[in-house]
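Peer 1: Turn this into a model:
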Amino acid sequence: MTQTALVLLDVQVNMFAPEATVHASERVLAAIETLINAARNNNAAIVYVQHNGGPDDPDAPGSPGWQLHEVCTLQAGDLVLQKETPNAFLHTDLAEMLRQREIKQLVLAGFQTELCIDTTCRAAWSRGFRVSLAADAHSTFDGETLKAAQIIAHHNSVLRNFARVYSSYNIKF
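Peer 2: From the prediction side, this is the model:
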């Protein structure tokens, strides 16, 4: 097993609701699928992180929107983790799970760019993990002041201070 893990954040059904779908959803899902296949082909660990929203949220635990998207094909050995904050390390066993498997490098992808991707990227870096961000495998929704494409481009630029930022096709496990 490699010392690299693919960490997929919030790749859940609610991100693709017909009334509010993340920016470039089909392209991003294809990039995520590329990463999953590359991780599997190289025996890398895969961690699926699910966000647990509140009782009235579209990602409330157990709700249809909370479920992992069908691109997330769970296999034996995959890890599934639940979180309640944008930081996948906060109040979870993620760091311990990774260290038990001697993981030193993380590849991050998923949703939402300015929330869970940004926060988890910085948190991983601050805990000593080497981080690669799949520039084409994360997304968000349009905001009040910036369009989703602008948010993604901005974070791909800023997060270079904490991660190597590559296209999913150029990430090696």
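Peer 1: who touches stretch 114-125?
Peer 2: Residues outside stretch 114-125 that contact it (C-beta atoms under 8 Å, 6 or more residues apart in numbering) are 7, 9-10, 49, 51, 85-90, 106, 108-111, 131, 133, 138, 140, 143, 151, 155, 158-159, 162-163. Where you see a C-beta, it was placed from the backbone N, CA and C, and this is true even at glycine.
Peer 1: Could you list the buried residues of the longest helix along the chain?
Peer 2: If you go by DSSP state H, the chain has its longest helix at helix 25-41. Buried positions in helix 25-41, judged by neighbour count with 16 or more other C-beta atoms under 10 Å: Val28, Leu29, Ala31, Ile32, Thr34, Leu35, Ile36, Ala38, Ala39, Arg40.
Peer 1: Can you classify Ile46 as helix, strand or coil?
Peer 2: Following DSSP: H, G, I helix; E, B strand; the rest coil, Ile46 is assigned to strand.
Peer 1: the bottom helix or strand of this structure by mean pLDDT?
Peer 2: Among the helical and strand segments of the chain, the one scoring lowest on mean pLDDT, DSSP states H and E is strand 20-21, with a mean of 90.
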